[in-house]
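Student: here's a sequence, model it:
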Amino acid sequence: MLVIKELDAGYGKKQVLFGLSMDVRDSEIVALIGPNGAGKSTVLKTVCGLIPAWKGGIIFDGSPTNGNTPAQNVTRGITLAPQGSRVFHHMTVMENLEVGGFQLPHKTVTGRIAHVLKLFPTLKERIRQNAGKLSGGEQQMLALARALIPEPRLLMLDEPSLGLSPQLVGAVFEKIIEIKESGVSILIVEQKVREVLTVCSRVYSLRLGTVAFEGAPEDLQHDKAKLRQLFL
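Tutor: The predicted structure follows:
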């Protein structure tokens, strides 16, 4: 579904990715792990079009995306739930969901909201409440739900567990598995390595903008020394 070939990218004059190659297949969860500054979030931002690729190719569903705007990539089926401030705090849950479908016809948005509320029933109970009054876990669920409104084929998640309690982290990962089982491919950046290795199909570890490891999660779950080495 997604193929990245020898990608160079960065910010201003600072290069962050150096000849990076990786892929995401249909209906699988692929994890990106590695130390801070390795380039994980930069991969997601380049794929979705927030920053340009300097060199190399990004191919989605058989066609290149180089030069596409984020809106064009959303139309093609790529969405991103970013790290940090994930929701519009001054807007209601419903308004946040409507923002996720800004490019879609009104009737389509209405149907998509009804669909995601079945996946996130807690949000249905809070539908008229301001998002800023939700708990941290509920806000993360809202960010996931909003990213699903355009009916993506590839959902990218940037540290969805950030700032959540262990119990809420477990709930978020359960929802991620549900989303994957609905046929959506997921590319996830995550610092909670133990947790993400239990849900992903394959894992890439980055170091200084290059792939330091590629393989099955079991290869790292049973090799603690290798896992420590990847984060040095």
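
Student: pull the residues that contact stretch 193-208.
Tutor: 18, 20, 22, 25, 28-35, 37-40, 43, 161, 169-170, 173, 176-177, 188, 190, 211-217, 220-221, 227, 230 (Cβ atoms under 8 Å, 6 or more residues apart in numbering). Yep, even glycine has a C-beta here, placed from its N, CA and C like the rest.

Student: so among those, which ones count as buried?
Tutor: Burial of the contacts of stretch 193-208 was assessed by neighbour count (16 or more other Cβ atoms under 10 Å); the buried members are 18, 20, 22, 28-34, 38-40, 43, 161, 169, 173, 176, 188, 190, 211-213, 217, 220, 227, 230.

Student: any idea which helix or strand comes after the longest helix along the chain?
Tutor: Counting residues, the longest helix found in the chain (DSSP state H) is helix 166-181. Per DSSP states H and E, the first helix or strand lying C-terminal to helix 166-181 is strand 185-189.

Student: element containing Arg228?
Tutor: Following DSSP H and E, one finds Arg228 within helix 224-230.

Student: any idea how far that helix is from the middle of the chain?
Tutor: Its chain's C-alpha centre and that of helix 224-230 lie 24 Å apart, by Cα atoms, centre = their mean, to the nearest Å.

Student: stretch 78-92 now?
Tutor: On Cα atoms, centre = their mean, the centre of stretch 78-92 falls 12 Å from the chain's centre.

Student: in this structure, which spans are helices?
Tutor: Under DSSP H, the chain gives helices at 40-48, 70-76, 93-100, 106-119, 121-125, 136-148, 166-181, 193-197, 217-221, 224-230.

Student: CSV for those, including distance to Trp54 and mean pLDDT?
Tutor: CSV is the format used below for those (distance: least, Cβ to Cβ, whole Å; pLDDT from 0 to 100):
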stretch, distance to Trp54, mean pLDDT
helix 40-48, 9, 97
helix 70-76, 18, 93
helix 93-100, 30, 95
helix 106-119, 35, 92
helix 121-125, 39, 93
helix 136-148, 26, 91
helix 166-181, 31, 90
helix 193-197, 28, 93
helix 217-221, 30, 92
helix 224-230, 25, 88
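
Student: so which of these is nearest Lys55?
Tutor: Proximity to Lys55 (Cβ to Cβ) singles out helix 40-48 among the helices of the chain, at 11.1 Å.

Student: how about residues contacting the closest one?
Tutor: Outside helix 40-48, the residues that touch it by Cβ under 8 Å, 6+ apart are 2, 4, 7, 9-11, 16-17, 20, 22, 32-34, 51-53, 58, 60, 65, 70, 73, 78-80, 82-83, 156, 158, 187, 189, 206, 209.

Student: repeat for stretch 75-83
Tutor: Contacts of stretch 75-83 with the rest of the structure, by Cβ under 8 Å, 6+ apart, involve 41, 44-45, 47-48, 50, 60-61, 65, 68, 70, 103, 143-144, 146-148, 150-160, 162, 189.

Student: now for it, what's the gap between its first and last residues?
Tutor: 21 Å (Cα to Cα, to the nearest Å).

Student: list the buried residues for it?
Tutor: Within stretch 75-83, the residues scored as buried using 16+ other Cβ under 10 Å are 76-83.

Student: what do you get for stretch 104-121?
Tutor: Of the residues in stretch 104-121, those buried (16+ other Cβ under 10 Å) are 104, 109, 112-113, 116-117, 120.

Student: now stretch 51-58
Tutor: Of the residues in stretch 51-58, those with enough neighbours to count as buried (16+ other Cβ under 10 Å) are 51, 53, 56, 58.

Student: I appreciate the help and will end here.
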